[in-house]
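1. pasting the structure only:
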């Protein structure tokens, strides 16, 4: 298959982009890509590739931008129910603590999720994975975390394993048993921390070996935040995860600076996510590591809050910077990475090029899949978008609608 | 045609909603609508209508919200080219005055538009009207204003007349010759004001009678703002428009309070639009009139500005309040009223119900078509959406993607 005549082919070649390198798109005008089976076999000028591959079936991408599929490195995709009612109350001014007292908030999603069957969870989550795919996300990280008890958490993992196998969206799965303190432990957070480290993580490792032997171990993630897990508890969980061989991630500094970003760097986490209130010292520490700084601008947007990740501080400090949707039922039900990019341009003051690199090659690095996705290079998996726009900057400039014309996953046009 | 079993049928019945009445959705659970030819002939409970209309072809809307098509009462849909390049520069911190000095800004769109043919303008604008329709807008107001000279302005009107006839999007057309001071008059704004009142408006009236005898006269609109048209110039233009029989609108108080809202009320404008910096006195004056207050939250969002229309002040003062996209190439290229609603909930603190009423029956009133669109009532035009959600509040709560399942315009499913 020869995709040819792209007005702009964005290759994003050369690996993850650190610091001020962010935004290097590797543009080929009148570009083309040759795909065989699941892989990219050639990238270059349209006339050159037409001559080298004269008998290939073709896709005419003239007037279009061709680029790698979006990689969304932070989502909470698997849940039951919705919280539309609660959203309306919040917008009308009701304080979150009152909503919690009425049984709303994250615990309402936990209760709905615990009672949902595997079939129901799969059906509800599939609507979201399909929507992500229609909007150009070809790989997404997806976390558990609305079970907060082992059997439900394993059911959520099973849902994600099944949906990854079903495709077309490829999933990078994360165990987030440490998403919140469950009601059973509300007066004993340390007890729940011990439950995770002493029981859940070892059992998860066994379960995974039996139920998903074809896949690498999932990430283990912790919500390190005031009213969730302290710095010390986060360290306890992540250290145990590392010792069992799990790769790790962390929710850090969404509201308060508890030092989660430095902890991520110290323990070699793949990413530290949120990073709204990170201190200068923690930014410097993170930026010296291989941990990717992942910003989730939809979260403050979804809640109508004013503070966003200070993206340029991370870039200036030479960090790897990426973007994610944080798609979840409480703060931000949005599946589109295109909107994340448009929002990041406005609120984080990124150029379209920076936001695109942060949503492809750098977000692939945030889930440690940069070796096979996130760019259009020979040998990589053929995850490719044909966008209905002549200039990549329209992805930042326009917003609110879907600019994707065609999505190819592993060489298949869908 | 019987559309039946809607989880929620939002009728919006009872006419435009003033002040605190805003948000009265008139919900029928398990609701149904009967459509014959272009019209709604019955609205009610599914079992009742099934019994009364046993032989009707059916559309099963179970699990869905059924509601009136969105009415977008303020757009600048017809232009040539784009300003993606300029957007990136703005996000990188370049001041707008420098962009203007480099030939960017509105004048770059004017130059591209003046040299575009009717065919080219029609093709470019059609992409936007189609996109609006896919996102559930069944009627939109559309302004000229990137010609700023009579022949181009008439070509823009012709484009809109042609696209309205072609459908499916229904257009309410507005002449906005007074959008900006054209380069030819940059040192003589009063000269351009006189050109509009003495030459353009009378010629427009003749031209319209010849070229669009089947349509009512278009609205005449003025951008009453610092660096555009003064209060006095705006009054001159609008008074002349009224005396020629044109209905009027006004861009008021986007940045500075020049008293445009009171002028709108005094002259009986259908709407006053933007209203970010309107004074308390002007809000009170507007609220006593039949002029609809139209807020365009995508404009500050598109520009990443902090100030939005103080919606609750208008509601409290008993004004008619509506929402629009302001779709345009400079500040906000977004075709989706769903996104406008999601944004208005967050930034204007509207409930989903208020934002929906402001985007249907009240926005229909802002273009004075509330007699035949904007609600699901017997005798009205069958402009109906089937939304892929079980609860209307998801339109505010979720964002960034298209929640429309089916769009019906004048009884035809498209």
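-> Everything's here; your move. Nothing here was measured: the structure is a model prediction, and the numbers come from that model.

2. contacting residues around whichever residue of the stretch 151-300 of chain A sits closest to chain B?
-> Proximity to chain B, evaluated over the stretch 151-300 of chain A using CB to the nearest CB, is greatest for residue A:298 at 7.7 Å. For glycine as for every other residue, the C-beta is placed from the backbone atoms N, C-alpha and C. Listed by CB atoms under 8 Å, 6 or more residues apart in numbering or on different chains, the contact partners of residue A:298 are A:325-327, A:331-332, A:334, A:339-340, A:343, B:400.

3. Please identify which of the residues you listed is nearest to residue A:89.
-> Set against residue A:89, the nearest of the contacts of residue A:298 by CB to CB is residue A:331 (14.2 Å).

4. Name the member of the contacts of residue A:298 with the most neighbours.
-> When neighbours are counted by other CB atoms under 10 Å in any protein chain shown, residue A:325 leads those with 32 neighbours.

5. State the phi and psi torsions of that residue.
-> Main-chain dihedrals, residue A:325, degrees, to the nearest 10: phi -80, psi -30.

6. ditto for residue A:304
-> Per degrees, to the nearest 10, the backbone of residue A:304 is at phi 60, psi 40.

7. Please name the nearest non-neighbouring residue to it.
-> The shortest distance from residue A:304 to any non-neighbouring residue, by CB to CB, 6 or more residues apart in numbering or on different chains, is to residue B:346 (4.0 Å).

8. Quick one: neighbours of the one you found, just the number.
-> Counted by other CB under 10 Å, the residues lying close to residue B:346 total 23.

9. for the helix or strand of chain A with the lowest mean pLDDT, the distance to its chain's centre please.
-> Here the helix or strand of chain A ranked lowest by mean pLDDT, DSSP states H and E is helix A:96-101, holding a mean of 80. Centre-to-centre, helix A:96-101 and its host chain are 28 Å apart (CA atoms, centre = their mean, to the nearest Å).

10. about what we covered before: spit out the contact partners of the residue nearest to residue A:304.
-> Contacts of residue B:346 were listed using CB under 8 Å, 6+ apart, and they are A:91, A:301-304.

11. circling back: farthest pair in the contacts of residue A:298?
-> The distance between the two most remote of these (CB to CB) is 14.4 Å, for A:331 and A:339.

12. For residue A:69, give me its contacts.
-> Contacts of residue A:69 by CB under 8 Å, 6+ apart are A:136-139, A:360, A:373, A:383-385, A:407-409.

13. Make TSV from those and add secondary structure and pLDDT to it.
-> As requested, the contacts of residue A:69 are exported to TSV (DSSP: H, G, I helix; E, B strand; the rest coil; pLDDT from 0 to 100):
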residue	secondary structure	pLDDT
A:136	coil	98
A:137	strand	98
A:138	strand	98
A:139	strand	98
A:360	coil	98
A:373	coil	98
A:383	coil	98
A:384	strand	98
A:385	strand	98
A:407	strand	98
A:408	strand	98
A:409	strand	98
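
14. Just put those residues in TSV and tack on distance to residue A:182.
-> Listed next are the contacts of residue A:69 as TSV, based on distance: CB to CB, whole Å:
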residue	distance to residue A:182
A:136	35
A:137	30
A:138	34
A:139	30
A:360	36
A:373	34
A:383	37
A:384	42
A:385	39
A:407	38
A:408	41
A:409	36
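
15. would you turn those into TSV with neighbour count?
-> Formatted as TSV, those follow (neighbours: other CB atoms under 10 Å in any protein chain shown):
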residue	neighbour count
A:136	27
A:137	30
A:138	28
A:139	28
A:360	31
A:373	23
A:383	29
A:384	27
A:385	26
A:407	22
A:408	22
A:409	20
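
16. Count the residues that sit near residue A:21.
-> When neighbours are counted by other CB under 10 Å, residue A:21 registers 16.

17. who in the stretch 301-414 of chain A is up against chain B?
-> A:301-304, A:333-336, A:338-339, A:345-347, A:349-353, A:391, A:393-394, A:396-402 (CB under 8 Å from any CB of the partner chain).

18. Narrow these to those that are buried.
-> A:301-303, A:333-336, A:338-339, A:345-347, A:349-353, A:391, A:393-394, A:396-402 (16 or more other CB atoms under 10 Å in any protein chain shown).
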